[in-house]
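K.L.:
attaching a predicted model along with its sequence, questions to come.
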Amino acid sequence: MEFRGKVLRDEFTEVFKREMGFSRPRCFPRRISASESLVKRITLYGKLNGHKECVNTVEFNSTGDVLVSGSDDKHVIFWDWAAKSKTFSYSSGHLDNIFQARIMPFTDDRKVVTSSCDGQIWVRLGQVLENGQVDTKRLGKHQGRVYKLDIEPGSPHIVYSCGEDGVVQHFDLRGNSATKLFHCSSFTELNRQSRNSIGLNAIVIDPRNPNYFAVGGSDEYARVYDIRKHQLDLSNSLDRPVNTFCPSHLVGADVHITGLAYSKTSELLVSYNDELIYLFQKNMGMGPTPLSVPPEELQKLEKPQVYSGHRNSQTVKGVSFFGPTDDYVLSGSDCGHIFIWKKKGAKLVRLMVGDKQIVNHLQSHPYMPIFASCGIENSIKLWIPMADGILPMPGDAEKVMESNRQGREDHSLITLTPDVIMHVLRLQRRQTTAYIERRYDRDDIENDDEDEEVAYLLGFSDGEASSEEGFTGLPRDGSGIC
């Protein structure tokens, strides 16, 4: 009761300051939106039903009035989220699960870029016409899955991508071709260029200085690059990060990165598979060649803030900031819960059930204390601070977090016997054979012209929004995000 009284006093204090003119108009909404009491009022506003399989990506447009989503059903849907209604949808043309869909800024919401499990990146360049058509053209390809894209802040033209092939690509929508910047490779003891590729799961551009971008993938290091140091030609471009980030105790560990996020002040948030989430300041970097840093120097580095309680093991989960000044950290979990921590101090302030199985992705509204979530279920969930009072932590919160912790520890103790290793190798050969056969099948149906434009009809029928009965939410071939 004492804490609740303090929170209420803080709210009234902010309102009183604003009414008396002690608080500037621009500061008041930021302080209220970032208040812990408001976050503790966040509850489910509604669900958006329209996809027939699990939803892998949700993104707001730059003004926050439109939400776009992509799914294993290979469809892209535009939503009027406030009205909880579908605006329109279309078949993306991808041959596999859509992993990300982004609306390009300053295009009147008429250009969308998507990435997919099929290793293709498509960009929709045509206008949405009165007859319900959209022109699309393929912009580029990766060898393997492409989990993430990022858009240069404020640019209607520039897109970056990364894929499991370790390649980072740059796209200028005013041209007709993709440019490969470099091939991400593992670090070596002598700092030579390694031939071992690092499969990439995440890419983010620093909003404070768009010349810098970070990537993360199949090893422990988050790498930061300066686009100005890379020639736009793969044959002449080496993998040359300007900085790297990793908790000192994870150097050499068998971990990998699934999600990255930059704050408005260039803080870097890193989510590890079956590990924890870490927040790095600029001064916590290991430099461009982390293996050359002596162990005693690593120990002198300032420790990153750690966020725990969740579990990130079964899928490729993202991580994000929340609040007008990035005061909170959001993450989904294998336990089906949404975790909200205070950025400073890592205090868990909200724990909510977001999916019957797994929450994969959470996307914050650009300026309001609202976010959207998606996971194994076919629906998108909207979360708004609309509860009448402060909501307490669930009674089983400690049990949920302890179960997640125990799962991580048990997983780290698993010993691979020779029989298990041989079984995994047989599965890998089987999947490789199936992938090659699938690629040949796709080559038969794909057009040889990389830039051929195709028109797809947009679906306006409510009948397309019905869910597929009996769907379990699991990918048919195990290759999807969910």
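P.N.:
Cool, got the structure. It should be emphasised that the depicted structure is a prediction, and the values quoted were computed from it without experimental measurement.
K.L.:
now for the nearest residue to Tyr212 once chain neighbours are set aside: which residues touch it?
P.N.:
Once flanking residues are discounted, Tyr212 sits nearest to Asp206: 4.2 Å by Cβ to Cβ, 6 or more residues apart in numbering. Using the backbone N, CA and C atoms, a C-beta is placed for each residue, glycine as well. For Asp206, the contacting residues are 212-214, 262, 266, by Cβ atoms under 8 Å, 6 or more residues apart in numbering.
K.L.:
is Gly70 in a bridge, and if so with what?
P.N.:
Thr57, Val76 (DSSP bridges).
K.L.:
with Val215 instead?
P.N.:
With DSSP bridges as the rule, Val215 is bridged to Ile203, Arg223.
K.L.:
how near is it to Asn201?
P.N.:
For Val215, the distance to Asn201 equals 9 Å [Cβ to Cβ, to the nearest Å].
K.L.:
joint contacts of these two?
P.N.:
Cys162.
K.L.:
count of neighbours near Ser63?
P.N.:
One correction, residue 63 is Thr, not Ser. Number of residues near Thr63 (other Cβ atoms under 10 Å) recorded here: 11.
K.L.:
A strand includes it, no?
P.N.:
No: looking at Thr63 with DSSP: H, G, I helix; E, B strand; the rest coil, it is coil, so not inside a strand.
K.L.:
all strands for the stretch 201-350 of the chain, in order.
P.N.:
In the stretch 201-350 of the chain, the segments counted as strands under DSSP state E, counting those that start in this stretch are 212-217, 222-226, 243-245, 257-262, 268-272, 277-280, 305-307, 319-322, 328-331, 337-342, 348-353.
K.L.:
now tell me what touches the first one from outside.
P.N.:
Residues outside strand 212-217 that contact it (Cβ under 8 Å, 6+ apart): 150, 160, 162, 164, 166, 168, 184, 198-206, 222-227, 242, 256-260, 262, 266, 268, 270.
K.L.:
again, but for the last one
P.N.:
Outside of strand 348-353, the residues within contact range by Cβ under 8 Å, 6+ apart are 36, 39-40, 42-44, 309, 328, 336-342, 383, 391, 393-394, 397, 400.
K.L.:
can you flag the buried ones in those?
P.N.:
36, 39-40, 42, 309, 328, 336-342, 383, 391, 400 (16 or more other Cβ atoms under 10 Å).
K.L.:
how far does the strand ranked longest in the chain sit from the chain's center?
P.N.:
Among the segments of the chain that qualify as a strand by DSSP state E, the longest is strand 133-141. Remark: strand 133-141 is offset 22 Å from the chain centroid, using Cα atoms, centre = their mean, to the nearest Å.
K.L.:
what pairs with that strand, parallel or antiparallel?
P.N.:
strand 120-124 (antiparallel), strand 453-459 (antiparallel).
K.L.:
all helices for the stretch 51-200 of the chain, in order.
P.N.:
Counting by DSSP state H, counting those that start in this stretch, no segments of the stretch 51-200 of the chain form helices.
K.L.:
tell me where it has strands.
P.N.:
55-60, 67-71, 75-80, 85-91, 98-103, 112-116, 120-124, 133-141, 148-151, 158-162, 167-172, 178-183, 200-205.
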